[in-house]
Every structure is written in C-alpha cells, then in structure tokens.
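Participant: Any chance you could fold what I've pasted below:
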Amino acid sequence: MILTIDVGNTNTVLGVFSDGELIKDWRISTDKDKTADEYGILVYNLFSYTEIETADIKGIIISSVVPPVVTVLQKAAELFIGVKPLIIGPGVKTSMNILMENPREVGADRVVNAIAAYQKYGGPVIIVDFGTATTLCAVTKKGDYIGGAIAPGIGIASEALFNYAAKLPRVELSRPEKAIGKNTIMAIQSGIIYGFVGQVEGLINRFIQEIDGEPKVIATGGLAGLIAKETDSIHIIDAFLTLEGLYHIGKLNGIID
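Facilitator: Predicted coordinates for the structure are as follows:
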C-alpha cells in the first residue's frame, strides 16, 4: 500500500492506495506546531479504525506548501512507519515539462494537480483548485505546464470582509436563494459566493482564449463542490485529484504498492 499526503495551508489530506485504487482518505487540520510524535500517533490512530496496518505501507509520497511540516512528517514517517518518504520537489521525476520562467517556484500542489489531470483527462486541461488560495493551472495538448493564476481563496476573501467591515456579521458560506439579497446575511452570501463564481468564470474564459484547443476544466479542493455547481464553466469535480497525482509521481519514481 502507498500513503499519499497533501499538506495545504489549512488542511492536510491523506490517502492510502492499494493496487492503484484509493481505498481510504482523511482530512485533518494542518498544524505547524505538531511534533513528529504527535503526527505519528495521529496517523496510527487513523489506521486503527480501518484494516490498514503501518506494516502494510510500502511507500509514502508527500506534497506540501508548508515547508516546516515536511520535515516533521518525514521524521514521523521514518519513526512510526519505517519508510523514508518521497518529497515532491526539485529532482523528482514528474514526466511534465514546466514551461515557466522559474520552474522551481511553481508550488508542488499545482504540479501534482496538473500531472493528475493530464493523466486522467488528457490535454488541453485547466485545473482549478479551491483551497486557502484559489489556483488555476493550464496544461497543453502535448502535456506541457504553461502557467496559471493565483487568487485569494473564498475563505480569505470572506475573512477580510468580516475583519475590515466591523458592522457586518459573519455568515455561513452557503448558496443564497437569490443573487439579490433581501437581508444583510443573504446579501453577504450573494456577494461572496456569486462574486467568487464570477471571478473564477472570468479567469477560465481568459485561459481558454490563450490556450490552443478546447480544454476540459477540472475542479478540486475543499470548496470545489460549492462553487462548481454554480457555473457551467467547470466540467468535472475531482475531489481526490491531488492524491492521485501523488500516487502517479510515486510510481514514476519507483514506488510500488
């Protein structure tokens, strides 16, 4: 079995693959203050509710946008599972040309998503990841990563509104009944949800104008379901795209489950 770990700014997603199939997944909070022992015990406890044993894990692949957590997870993997993990970064085989001015500055999560999307859906393809930041990535028909866009995520945007507009109440991030809100809560929800949808649609349309062919648009990330169902610009929601990309990269680098 292969354990894949995607460390985001807000959440960390773990998934176990067996014979190429994702058989179990978990979502936990990313905590930069946790020690290797704490992460090790956490993973052990997660496994205890399944039939998965630490001895079953033959390989571990980690992608992280939070550098301090990588070192801690690497130590936890070696101490509690006895496996040295593959860390996504420079020097790791990815099978994808990164056509950027500085390929090393492209976030690991963006590369992993691009690889998974191209392997599953072909190219051209646009990937929209709804995380702490909202990222869009473009891959050509040939499978080259040609760039993307980074915008504040919906959570960051809403927090800014609540923090800087003292009289506005915090509201649940849910779809309002109508765009024209009849009260303050509905008006805030409309502005956040539909305003965010409009932003994503606008970026996708601009990407389509700049990429050859007719790209598929794939959405992933924690809030993909909420946003994607409000627009026709997104064709597929793939909740486990990043984990599948990590598994694929693991195979390219000789990790076999």
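Participant: how does this structure divide into domains?
Facilitator: 2-87, 97-244 (the TED database).
Participant: Those: which one's closest to residue 256?
Facilitator: Among these, domain 2-87 comes nearest to residue 256, with 7.1 Å by C-beta to C-beta. In this view, the C-beta of every residue, glycine as well, is placed from N, C-alpha and C.
Participant: So what's the gap between the closest one and the chain middle?
Facilitator: 15 Å (C-alpha atoms, centre = their mean, to the nearest Å).
Participant: Can you check the distance spanned by that domain, start to finish?
Facilitator: Using C-alpha to C-alpha, to the nearest Å, the end-to-end distance of domain 2-87 comes to 14 Å.
Participant: Could you dump the domains of the chain into CSV with distance to residue 252, mean pLDDT and mean neighbour count added?
Facilitator: Converted to CSV, these look like this (distance: least, C-beta to C-beta, whole Å; pLDDT from 0 to 100; neighbours: other C-beta atoms under 10 Å):
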stretch, distance to residue 252, mean pLDDT, mean neighbour count
domain 2-87, 10, 95, 17
domain 97-244, 9, 94, 18
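Participant: Can I get the ones you listed in CSV including distance to residue 250?
Facilitator: As requested, those are exported to CSV (distance: least, C-beta to C-beta, whole Å):
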stretch, distance to residue 250
domain 2-87, 4
domain 97-244, 11
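Participant: so which of the ones you listed gets nearest residue 257?
Facilitator: Evaluated over the domains of the chain, closeness to residue 257 peaks at domain 2-87, with 4.3 Å, by C-beta to C-beta.
Participant: For the stretch 1-150 of the chain, just list every one of the helices.
Facilitator: Counting by DSSP state H, counting those that start in this stretch, the stretch 1-150 of the chain has helices at residues 36-48, 67-76, 108-121.
Participant: what residue lies at the spatial centre of this protein?
Facilitator: Residue closest to the average C-alpha location in the chain (C-alpha atoms, centre = their mean): residue 221, at 4.8 Å.
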